[in-house]
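Visitor: show me how the following folds:
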Amino acid sequence: MDGSNGLHCAARKGHQALVVLFLSLKPDLIDRQKWTPLHSAAAAHDTVVAQLLAAKPASVDWTTTDGETPLLLAVAEGHE
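Guide: The predicted structure is shown next:
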């Protein structure tokens, strides 16, 4: 297991309704690679879910074990 929780999985798969449901959890929950759900949404190219997460107190500056922020992941995937 990578330490992901339901919010990470919903963000990664683009399940907007589940993201909204899971936002009752702390949106900055991290997995073993220090990814937040916002990292997962950014890496999955899902701007709608990323915006849902960013509207909450999700940290856009949190870095993974590889030093990546959600913004860096989004830019690396071609998003502005």
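Visitor: chain center to stretch 4-20, what's the gap?
Guide: Relative to its chain's centre, stretch 4-20 lies at 8 Å (C-alpha atoms, centre = their mean, to the nearest Å).
Visitor: do the same with stretch 54-70
Guide: 8 Å.
Visitor: then stretch 67-80?
Guide: Averaging C-alpha positions (C-alpha atoms, centre = their mean) puts stretch 67-80 11 Å from its chain's average.
Visitor: how about that stretch: buried residues?
Guide: Buried residues in stretch 67-80, counting neighbours by 16 or more other C-beta atoms under 10 Å, are found at 68-71, 73-74. The C-beta positions use only the backbone N, C-alpha and C, and glycine is treated the same way.
Visitor: again with stretch 19-39
Guide: 19, 22-23, 27, 29-31, 35-39.
Visitor: now the end-to-end length of it.
Guide: From its first residue to its last, stretch 19-39 covers 13 Å (C-alpha to C-alpha, to the nearest Å).
Visitor: again, but for stretch 50-66
Guide: One end of stretch 50-66 sits 20 Å from the other (C-alpha to C-alpha).
Visitor: ok, now stretch 63-74?
Guide: 13 Å.
Visitor: name the residues that touch it?
Guide: With contact meaning C-beta atoms under 8 Å, 6 or more residues apart in numbering, stretch 63-74 is reached by 33-36, 38-39, 41-43, 50, 58, 60-62, 76.
Visitor: any stretches of the chain with poor pLDDT?
Guide: Flagging of the chain using pLDDT under 70 yields the residue ranges 1-3, 25-28, 57-58, 77-80.
Visitor: which residues in the chain form helices?
Guide: When assigned using DSSP state H, the helices of the chain occupy the ranges 6-13, 16-22, 37-43, 47-54, 70-76.
Visitor: which elements pack onto the third one?
Guide: If I follow you right, that is helix 37-43. Using 3 or more C-beta pairs under 8 Å, 6 or more residues apart in numbering; DSSP states H and E, the elements in contact with helix 37-43 are helix 6-13, helix 16-22, helix 47-54, helix 70-76.
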